[in-house]
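Enquirer: Please find the sequence and the predicted model below.
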Protein chains: 2
Amino acid sequence: MAAGGPRRCRRLEGEAARAVLANADTLLFDCDGVLWRGEAAVSGAAAVLGKLAAAGKRLCYVTNNSGRTRAAYTEKLRRLGFPPAEPRHIFSSAFCAARYLRQALPPGAAAYVLGSAALAAELEAVGIPHLGPGPAALPGPAPADWLQAPLEPAVRAVLVGFDEHFSYAKLCQALRYLLRGPDCLLVGTNRDHRLPLEGGAGIPGTGCLVKAVETAAQREAFIVGKPNRFMFDCVAAEFPVDPARTIMVGDRLDTDILMGNSCGLTTLLTLSGVTALDEVRGCQDSGCAARHSLVPDYYVDSLADLLPALGE
Amino acid sequence: MAAGGPRRCRRLEGEAARAVLANADTLLFDCDGVLWRGEAAVSGAAAVLGKLAAAGKRLCYVTNNSGRTRAAYTEKLRRLGFPPAEPRHIFSSAFCAARYLRQALPPGAAAYVLGSAALAAELEAVGIPHLGPGPAALPGPAPADWLQAPLEPAVRAVLVGFDEHFSYAKLCQALRYLLRGPDCLLVGTNRDHRLPLEGGAGIPGTGCLVKAVETAAQREAFIVGKPNRFMFDCVAAEFPVDPARTIMVGDRLDTDILMGNSCGLTTLLTLSGVTALDEVRGCQDSGCAARHSLVPDYYVDSLADLLPALGE
């Protein structure tokens, strides 16, 4: 919600914080790095969300993580002391991918899934037959054998999410389905290249797997996750949200903030995750329109900074 | 060896064929799609190479395939009826990668290898300790466990070749080594996105695996294979080759022909592999310098077309 001219990012505090929060009726929260890091809640975050809920705000959760079901997210929110959420408030890339395929695939069409059991469960919840999750082995020693692994005739989409069982055997099968032509969709949950863990370490993210499949098939995947606006469209299809009265809260410029800005939301960066303020300044001071679109309206060190504006 | 102005590709036949071959003392052959397809020799190719060898030409073999040792290539040439070759005439991406690491790594430094036993054997032949080939499993159920797999302190390079055992577990280990910083090199054998099999089918190529590792590490790999001129430099380090008297024969524009053109060789495309003449015409008629660099000097339907020029 920039008010004309290039967006300048300001610290959200004092009177401005009260005004911005008063003007909002919906807040969308990224999870990792904003609400928690691994299994530890960000200090003060649960209290802030409790106050927002008590003030009648609608709270939704939008995450590129495809490794948990909506139900598992509501349970994690509960476990870490956040206000109660229903599954319908959770917009994970697994749920949104299932929703996308539900509208894009003809009835009865199946998906070949490089992904977790949770991703498969979300497909199941919308009635899309699927195969793929879990380990897979090559069906013989020679390349000619690999082309003999059975293919499911009903498959009309390859869906790539976070898959700890990703392997060359699965990449082979994905390519064989995609070579059926444009009738077989290629969909990825997100492009995050790394998954941050507690203590600053990181492991390869879904973006690596999407790239491998895209390179094999020489096709670009449709990505349901942030920064694609599809995830916001899923929220807007479920709840009557007014972009002008909605705040997107996240810790990544190229996913959370970019999606928020492109959907006309107010954007708030928390420095409790992967982004440092210098990166924001770098984008702001660049002469590049693409980098300007990564600049949030506001930032806080951590969600806890909002407590005073909520009457504490 | 274009004679000024944008290169125009001509069929190599008649008097021109005799003159071009007479002017050459070295021919570099790509293998798959040029000399053979799978286990079947291209008809007439062995006879042509026999005549060239009898006429005193030096024949070398430059292949992006990293799945065989030099010794296995000499054996395959013999088996399919080609003139005898020594291992020193074989320039595979596996051999060239080992050679590159031998000059780039300090003594005692090791390589983490995503690749075949053949790739490991080429490293062994130049005395580079290595680990990685074969299947790998994640060392536990949770991401935090995955960071506990042992790392070899001597590793100073991650080498990515064709690896049918490629897996998320290996991608994790590769990232952990690469996060040691620029002291750990990232090297790929080649970027071919697909490996063609007999009958027009294809399986994912090494390029897919290189992309996955590059995406995780957010670093660009050094690629030893074609179109990089490093492979030609390996030939030139072994034999006294004069680019003006050398012909590069291949079936791919973006690897074989591009390397040949950028090294100042005469380039000859065979249509017995993955490229159709229409693609050449598309490059030739485009206004784009990058695509012009893919246009070969000459083409033949198949190597057998050269038999008349060799006195038959």
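Expert: Cool, got the structure.
Enquirer: quick one: buried residues of the one helix or strand A:Leu258 maps to?
Expert: A:Leu258 belongs to helix A:258-262 when elements are defined using DSSP states H and E. Buried residues in helix A:258-262, defined by neighbour count with 16 or more other CB atoms under 10 Å in any protein chain shown: A:Leu258, A:Met259, A:Gly260, A:Asn261. From N, CA and C alone the C-beta is placed, and that goes for glycine too.
Enquirer: Contacts made by that helix with the rest, please.
Expert: Defining contact as CB atoms under 8 Å, 6 or more residues apart in numbering or on different chains, one finds that helix A:258-262 is touched by A:2, A:7, A:28, A:226-229, A:231-232, A:247-248, A:250, A:266-267, A:293-296.
Enquirer: could you redo the last one with a cut-off of 6 Å?
Expert: A:Lys226, A:Pro227, A:Arg229, A:Met248, A:Thr267, A:Ser293, A:Leu294 (CB atoms under 6 Å, 6 or more residues apart in numbering or on different chains).
Enquirer: thinking again about what came up before, could I get the buried residues of helix A:258-262 as a markdown table with pLDDT?
Expert: Output for the buried residues of helix A:258-262, formatted as a markdown table (pLDDT from 0 to 100):
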| residue | pLDDT |
| --- | --- |
| A:Leu258 | 98 |
| A:Met259 | 98 |
| A:Gly260 | 98 |
| A:Asn261 | 97 |
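Enquirer: quick one: which of those residues is nearest to chain B?
Expert: Nearest to chain B among these: A:Leu258, at 17.8 Å, using CB to the nearest CB.
Enquirer: Would you agree A:Leu268 falls within a strand?
Expert: Yes. Counting by DSSP: H, G, I helix; E, B strand; the rest coil, A:Leu268 is part of a strand.
Enquirer: what residues are up against it?
Expert: By CB under 6 Å, 6+ apart, A:Leu268 lies in contact with A:Ile247, A:Val249, A:Tyr298.
Enquirer: and if you look at A:Asp30?
Expert: A:Gly250, A:Asp256.
Enquirer: quick one: it and chain B, what's the gap?
Expert: 18 Å (CB to the nearest CB, to the nearest Å).
Enquirer: Next, give phi and psi for that residue.
Expert: phi -70, psi 160 (degrees, to the nearest 10).
Enquirer: Okay, now the unreliable bits of chain A?
Expert: Residue ranges of chain A with pLDDT under 70: A:1-5, A:312.
Enquirer: Within reach of chain B, which of the contacts of helix A:258-262 are there?
Expert: Among these, no residue sits close to chain B (CB under 6 Å from any CB of the partner chain).
Enquirer: Please indicate which of those residues are buried?
Expert: A:Lys226, A:Pro227, A:Met248, A:Thr267, A:Ser293, A:Leu294.
Enquirer: The last one against A:Leu253, yeah?
Expert: Yes. Taking CB atoms under 6 Å as the definition, A:Leu294 is a contact partner of A:Leu253 at 4.1 Å.
Enquirer: circling back to that earlier point, secondary structure and distance to B:Cys283 added to the contacts of helix A:258-262, as TSV?
Expert: Listed next are these as TSV, based on DSSP: H, G, I helix; E, B strand; the rest coil; distance: CB to CB, whole Å:
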residue	secondary structure	distance to B:Cys283
A:Lys226	coil	38
A:Pro227	coil	35
A:Arg229	coil	37
A:Met248	strand	45
A:Thr267	strand	45
A:Ser293	coil	36
A:Leu294	coil	37
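Enquirer: which two from those end up farthest apart in space?
Expert: A:Arg229 and A:Leu294 (15.1 Å; CB to CB).
Enquirer: and the residue most central in space within chain A, what does it touch?
Expert: The residue lying closest to the centre of chain A (CA atoms, centre = their mean) is A:Asn64, at 1.9 Å. Listed by CB under 6 Å, 6+ apart, the contact partners of A:Asn64 are A:Ser93, A:Asn190, A:Asp192, A:Gly225, A:Lys226.
Enquirer: Pick the one among these closest to chain B.
Expert: A:Asp192 (10.0 Å).
Enquirer: How many residues are close by the closest residue in space to the closest one that isn't next to it in sequence?
Expert: Using CB to CB, 6 or more residues apart in numbering or on different chains and skipping residues adjacent in sequence, the residue nearest A:Asp192 is A:Gly205, 4.0 Å away. Counted with other CB atoms under 10 Å in any protein chain shown, residues neighbouring A:Gly205 total 21.
Enquirer: Next one: A:Gly205 from B:Gly108, what distance?
Expert: Counting by CB to CB, to the nearest Å, the separation of A:Gly205 from B:Gly108 is 33 Å.
Enquirer: for A:Asp32, same thing?
Expert: To B:Gly108, A:Asp32 is 40 Å away according to CB to CB.
Enquirer: which of those two has more neighbours?
Expert: Each of A:Asp32 and B:Gly108 has its neighbours counted (other CB under 10 Å); A:Asp32 has more, 20 against 10.
Enquirer: On the strand side of things, show who the more buried one bridges to.
Expert: Beta bridges link A:Asp32 to A:Trp36, judged by DSSP bridges.
Enquirer: quick revisit: need the contacts of A:Leu268 in CSV with neighbour count, secondary structure and distance to A:Arg156, can you?
Expert: Below are these laid out as CSV (neighbours: other CB atoms under 10 Å in any protein chain shown; DSSP: H, G, I helix; E, B strand; the rest coil; distance: CB to CB, whole Å):
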residue, neighbour count, secondary structure, distance to A:Arg156
A:Ile247, 24, strand, 38
A:Val249, 29, strand, 36
A:Tyr298, 20, strand, 43
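Enquirer: Tell me the one of those residues nearest A:Glu75?
Expert: Using CB to CB, those come closest to A:Glu75 at A:Val249, 21.2 Å.
Enquirer: got the residues of the stretch 201-312 of chain A near chain B?
Expert: Counting by CB under 6 Å from any CB, the stretch 201-312 of chain A sits next to chain B at A:Ala201, A:Ile203, A:Pro204, A:Gly207, A:Cys208, A:Lys211, A:Ala212, A:Thr215, A:Ala216.
Enquirer: Let's see if you can find the most crowded of these.
Expert: That'd be A:Ala212 among these, by other CB under 10 Å, with 30 neighbours.
Enquirer: returning to what we had before: closest to B:Arg68 out of the contacts of A:Leu268?
Expert: Once CB to CB is applied, the member of those that ends up nearest B:Arg68 is A:Val249, at 54.0 Å.
Enquirer: can I assume A:Leu159 is in contact with A:Tyr112?
Expert: No. The pair A:Leu159 / A:Tyr112 is not scored as a contact, 7.2 Å apart, by CB under 6 Å.
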